Each structure stands twice: as structure tokens, then as C-alpha cells.
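**Q** Fold the following and give me the result.
(one chain, ligands or ions: 2)
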Amino acid sequence: MFNTFKRKQDEPATIFSKKWIDDWKAAINSSDEYKAHGAGWNAPLILKVTDSHKFLNNPDAIGFYLDLKAGVCDELRYASAKDEPNADAILSAVAETWIKMIESGKDPLMMLMKGKLKLEKGSMVLLSTQTKAAKALLDAAPAVEKIKESANNAYTEKSNGSSGYTEHTSFVSTTRGIDFDSFPMKLFQKAKVFGIWNPADISFEKDREDWKKLTAEEKKIIIHLSALFMAGEEAVTLDLLPLIRVIANEKRIEEEIFLTSFLWEEAKHTEFFSRFVYKVMEQKPDFESFHTHFYKILFYQKLPSALQALENDSSPASQLRASGTYNMIVEGTLAETGYEAYYRMLAENNILPGMQEGIIKLKQDESRHIAYGIYLINRLLSENPDLIELFELELETLLTDATNIIHEIFEPYEVVPFGLKKEWFLDFAIKQFQNRLEKLNLRV
Ligand SMILES: [Fe+2]
Ligand SMILES: [Fe+2]
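**A** Ligands and ions are numbered 1, 2, ... in the order given. Below is the predicted model:
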């Protein structure tokens, strides 16, 4: 029943034993990572082991009590039920889950998303600002070797290299025929009805009048969000091609047919925002000053890196990384949250009707793109179940990137105009992400 874990120096300590706990505390206090990321955590925390009777030698123990102050762990001991009122946050899971998190370096936020870890007490928003600290705490726990590095390497190991020229041996249309009942073809039918809208037909006259009446701070938040949407739409337009190329090489004609509408729509979204700026704003603002650190990591680096990797490596693992980044995080978590919040903000304040009209159309397009992404990921995971763990690891990091971007958006404002709330953004983004995990059967 008891696992023994390899300790960094001397003999192994039994998992969850008193000695193991003492080792853990010492490791936290000598962890540079925890010092760096835990500086803002000044509250007691309980990590509850819901089936603790199986693992803890202490009958009163419900888990672990950690008193954390400014990057230091003052106290780490077994927690009892009496400690619960004193803890600011209580995270609970079965012993097996805690062990898995310790062993594999799994991100606590991702485990919360998947429902394997529960937040019994405390704020999800607060926790999302402390994910690196929480991870550093678990990383410090005496554990067996981390599997994360070897898992990441699998991306390169799975590479099947460049395929070069392949002649056609037959065609779907002239053999089995196009499958009109397939999901991509159904999406394509929708795209031809709902995706046919022209940004040039949208009137921005009232928007221009509204714009002149806005305060400087109100203009700033609209310029700020526009700067993120504009570059985001341009990035997804620029970066989609390698995925289309892979799907075409695999002769998946129904999927490629749908993807022709996908890229066309992204191009229109890019056009739409630029038209708005040109028609409504008196002068072009400095948009790129709003592209801050975490935004750049995702949109300048990780998105093009994941998609361009397909040019040399079209393996299922590489496709999963691309679609996870593009469809699950950029579109399915960030864009969907941003557009929903932006639309509500404009509608509630009855301003910028042209922008509202475009966002309604654009949201419909995005829902098809995300639906395709989920279809693709489902197909890849059902054909390659061995890649599930690797894909989850990738999502863990990307989800943190996404929440970091949300925190970053709100940093420049003491009071955010139009009553925009960071908590709403985070809550909506997390719910969307969880919905997608559910559709992928990755949530318990
Ligand atoms: Fe888009
Ligand atoms: Fe999209």
C-alpha cells in the first residue's frame, strides 16, 4: 500500500510519512522556484487527501497543512479537521491523484479543470494567479523522477519527417464519394450559410459618432482590446496554412473542404478589425504597446512555433500540439472569452453598433472553427490514445499562458472602464476550457 519514493540524497522515505513531510518542508524552503513564485502567498493552505485513512498513519489527519509566508513554508504538518476554518484555501483529491501530481509534475490548475482536484475552499481567481507557486510546492515534494521531460521529447521522437512529393493514386470524388454526412461537411454547409458576410457591408457611421463621445479611458480599453483581437486574428490567418497542408497531404478531402472556409473567415476577421480602426478612430493608435509579455509568448512565439512545426513534422503528436494551441487555447479559451466580454460590454452600453454586428458574425465563425478543432483532436486521440498524457501536459502549460494573458490585460487599470471584471473573464475562460475537456472525454 505504501509507496517508497527516491529521495534526493539518502534512503527512501515512505510517501506521506512524518519523515517524508519533514523532507518536503526542507525542500520547499530550499527551492529557488518556490522563493521566486511563492512570494505573494501569505496564507495557510490545506492539501486534503480524501481517502487519507488508506495512507496516513495518523487517524486524525485529513491531509497536509502548509503555513506559507512570502516564499517560505513556516509549518508543514498533518492537517486535522480543526485546521479547516483557519485555511484560506483547501484543495482536495484522492491520494492517487496527489501522487500522480507529485510524480509527473502535473499542473494543479489543469487538474482542477479536469475535475480531479477540487477547490473546497478559496477563490479560483486567486489560485489562478498562484499556479506557479502551487506547482513549485508540489515539485519540491520528495518524488520519483519527473516524466515530463521525456514526455516532451516524444514530440520529436514521433516525427515522421518531410514527406516530399506524393503522386495521387485515386480521388475520393471518383471512388467512395464525398461523405456529406461527415462532421466537417456539415460544418462546411453551415459555413456557406453563416460565414457569408462582408465586413465592407457593415456601417461604422454610428460607431464614429460614439467614438468621439467616449472618455480617454474608455477609448484606451477599446484600443487595448482591439490591439489584442487584431493581432490575434492576423496571427491565426498567417499560421493556419501548415495544418491545411497536413490535412491535404493525408487526403482528408472533407476536412480540407471545410478548412477552405476556415482560413477565408480568419482573413475576413482580420479585415473587419482593420476597417473599424480605419473608419472609426481619428488616428491610428500605438496598438503594439498593448502586446505585453505573456501575450507575446503565445501569439508571437508559441502559436507560430506549434503550427510551423507541422512543416517538418506532421505526426499526430505534432498535430495535437498545433490544434491544442490554435483551437483549444487561442480560439476556444482566449478569443471566445474576449469576444463574449467585448460584445456584452458594447451591447450593455449601447455603443459601437457596427462593431457589435461584426462580433456577432465573428463569434458564429469561431464556434465552427473550435468545433472542427475538437473534432480533429478527438480523431487524433482516439487513433493514438498513447498521446493523451502528452497532450494534457501541453494543455497544462498553454492554459497557464492563457490565464496569464487575462491577468496581464487588467494590470494597467485601477478601475476598468465599462465595469469589465477580471473575475468574469477568468471564470468564463475556465468554464469554456472545461467544456472542451468534457467534449474530449478528458474530464472526470
Ligand atoms: Fe477569427
Ligand atoms: Fe477562428
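
**Q** so how many other residues sit close to the closest residue to ligand 2 within the stretch 251-400 of the chain?
**A** Per Cβ to the ion, His369 is where the stretch 251-400 of the chain lies closest to ligand 2, at 3.6 Å. Every residue, glycine included, has its C-beta placed from N, CA and C. Neighbourhood size, His369 [other Cβ atoms under 10 Å]: 26.

**Q** That one: which element?
**A** Assigned by DSSP states H and E, His369 belongs to helix 353-383.

**Q** Distance from the chain centre to that helix, please.
**A** 15 Å (Cα atoms, centre = their mean, to the nearest Å).

**Q** Mind listing what's buried along the next helix or strand after that helix?
**A** The helix or strand immediately downstream of helix 353-383 is helix 388-410, counting by DSSP H and E. By neighbour count on 16 or more other Cβ atoms under 10 Å, the buried set for helix 388-410 is 388, 390-406, 409.

**Q** secondary structure class for the closest residue to ligand 1 within the stretch 151-300 of the chain?
**A** For the stretch 151-300 of the chain and ligand 1, the shortest gap (Cβ to the ion) falls at His269, measuring 3.8 Å. Put simply, His269 is helix when judged by DSSP: H, G, I helix; E, B strand; the rest coil.

**Q** Next, find the distance separating it from Ala335.
**A** For His269, the distance to Ala335 (Cβ to Cβ, to the nearest Å) stands at 9 Å.

**Q** From the structure, what's the count of residues near the residue of the stretch 151-300 of the chain closest to ligand 1?
**A** Burial of His269 is recorded as 25 neighbouring residues (other Cβ under 10 Å).

**Q** which one is it nearest to, not counting chain neighbours?
**A** Leaving out its chain neighbours, the residue that sits closest to His269 by Cβ to Cβ, 6 or more residues apart in numbering is Glu233, at 4.2 Å.

**Q** what's the answer for Ala347, then?
**A** Sequence neighbours aside, Gln356 is the residue nearest to Ala347 in space, at 6.0 Å (criterion: Cβ to Cβ, 6+ apart).

**Q** pretty sure that neighbour is in contact with Met345, am I right?
**A** No. Counting by Cβ atoms under 8 Å, Met345 is not a contact partner of Gln356; they are 9.8 Å apart.

**Q** So for the two, which sits in the more crowded spot?
**A** The residue with more neighbours, out of Gln356 and Met345, is Met345; 21 against 18, by other Cβ under 10 Å.

**Q** okay, now the residue nearest to that one when sequence neighbours are not counted: neighbour count?
**A** Excluding the flanking residues, the one nearest Met345 by Cβ to Cβ, 6+ apart is Phe418, at 4.7 Å. Residues near Phe418, counting by other Cβ under 10 Å, number 17.

**Q** Contacts only, for Phe418.
**A** With contact set as Cβ atoms under 8 Å, 6 or more residues apart in numbering, Phe418 has these partners: 218, 221, 345, 348-349.

**Q** Provide a PyMOL selection command restricted to the buried entries of those.
**A** Buried members of the contacts of Phe418, defined by 16+ other Cβ under 10 Å, are picked up in PyMOL with:
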select buried, resi 218+221+345
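
**Q** and ligand 2, which of the contacts of Phe418 contact it?
**A** For ligand 2, no contacts are drawn from these by Cβ under 5 Å from the ion.
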